[in-house]
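Asker: here is my input, please return the structure:
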Amino acid sequence: MKEIKRILEVYNHLDLSQRKVALATVVYVQGSAYRRPGARMLVTDDGRWEGAISGGCLEGDALRKARQVMLDGQPMVVRYDTMDDDANSLGIGLGCNGIIDVFIEPIDPGEFRNPIRLLEEFVRLRDQRVIATVFRANAETGLCTGMRVVLTETATEEPPGWLRSDMVLCMATGKARTVRYEVTGQPVDVFIERIDPGIELIIFGAGYDTIPLTRLATEIGWSVTVTEDCIAHLAPKRFPQATCLLYADATTITEKLTLTDRTAAVLMSHNYNYDLAVLTRLIPTRVPYIGVLGPRKRYQKMQAEWERSAKGFAQSALNRVHSPIGLDVGAETPDEIALAILGEIKAFFSDRSGGFLRKKPGSIHARQAALHEQD
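Answerer: Residues are numbered from 1 along each chain as shown. Next comes the predicted model:
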């Protein structure tokens, strides 16, 4: 989300009457690569770029290819084979051991459905959407290279029949796919990806230790709301990066917030009664992740109070509460604690364990062994 926003920011500051622009997108990866399918890089004809398609190894060559695309006005697919360092045509040892296809296309500012406009719509609406990009097609298919089909939860356009099932699957699983179809007897390569609006972090409490958590969360592109029942703690100068500062008491707070399946709530006010009141109101909501700062005994005390007052919650609801919060990284300082909290939240929403990658068997990413052909 942050990279997309930065690309849009740079694009919207360009004088498009004077500058030409191209967009490079990773559409296929076999084996290992620093960036996964969906990574983007905006390139201008004066040699500037924003975003990245690798760890810095491919950008120079992609820039040269993008200049040709902008000059000709025709898109191209560039394949980078980093399997063999000795035979690498780029003259550098990448060591990634992968094959990467990059789709580079010119951007026409006057085209209503150009990819930049679709990304702007996504950022504005903050919806979850699947975008299918045709990156290789013969003229006989009647499809244009660079054509895109969009599927959202409130879709008003219906994908073509040969594409719909894979787009629906991508929406459900979130896994990007590169698929080869046959249309009018001709091969068509399509990259299908789901883009998400990112995690929406709500921090209950505006103490000293919430400042680094707010800063780090916004640095990685999350939306951050800080809320408190003491307006003096919510001074904007303390949280310049926050998306929203909200003054509200614990009894009405859930009525003033928009809670989604991408919301992570973190309680760290250090006020037991406030945290108890907020948590009592959060558990019945749809928030998938609720973290409570403090020792395990503090949360156990809350559970005991619910039992005494006959406000006990089902175990399935309590399973959404993480207390103590954070990964076990030996955090001590507020900045380290913020890192541990963000690590756990990211692992939760990515459905990962948060362990050491060197102990994980196999690939650290789901691999696509070869270009998948539709049955």
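Asker: which residues touch Trp222?
Answerer: Contacts for Trp222 (Cβ atoms under 8 Å, 6 or more residues apart in numbering) come out as 1, 198-201. Bear in mind the C-beta positions are built from the backbone N, C-alpha and C, glycine included.
Asker: compare these and tell me which is most surrounded.
Answerer: Among those, the one with the most neighbours (other Cβ atoms under 10 Å) is Leu201, at 26 neighbours.
Asker: residues touching that one, list them.
Answerer: Leu201 neighbours (Cβ under 8 Å, 6+ apart): 217, 222-225, 263-264, 266, 345.
Asker: out of those, who's nearest Arg148?
Answerer: Ser223 (25.5 Å; Cβ to Cβ).
Asker: would you map the strands across the stretch 251-375 of the chain?
Answerer: Assigned by DSSP state E, counting those that start in this stretch, the stretch 251-375 of the chain shows strands spanning 263-267, 289-292, 321-322, 372-373.
Asker: among these, which is the most enclosed?
Answerer: Neighbour counts (mean count of other Cβ atoms under 10 Å) averaged over each of these peak at strand 263-267, with a mean of 25.
Asker: ok so, going back, right, so of the strands of the stretch 251-375 of the chain, which gets closest to Thr184?
Answerer: Judged by Cβ to Cβ, the one of the strands of the stretch 251-375 of the chain that comes nearest to Thr184 is strand 372-373, at 16.2 Å.
Asker: so what's Arg113 closest to, chain neighbours aside?
Answerer: Distance criterion Cβ to Cβ, 6 or more residues apart in numbering; nearest residue to Arg113, sequence neighbours excluded, is Arg148 at 6.5 Å.
Asker: re earlier: how about the strands of the stretch 251-375 of the chain in CSV, adding distance to Gln128 and mean pLDDT?
Answerer: CSV is the format used below for these (distance: least, Cβ to Cβ, whole Å; pLDDT from 0 to 100):
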stretch, distance to Gln128, mean pLDDT
strand 263-267, 13, 97
strand 289-292, 17, 97
strand 321-322, 24, 96
strand 372-373, 23, 56
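Asker: in JSON lines, list those along with distance to Arg136.
Answerer: Listed next are the strands of the stretch 251-375 of the chain as JSON lines, based on distance: least, Cβ to Cβ, whole Å:
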{"stretch": "strand 263-267", "distance to Arg136": "39"}
{"stretch": "strand 289-292", "distance to Arg136": "40"}
{"stretch": "strand 321-322", "distance to Arg136": "45"}
{"stretch": "strand 372-373", "distance to Arg136": "13"}
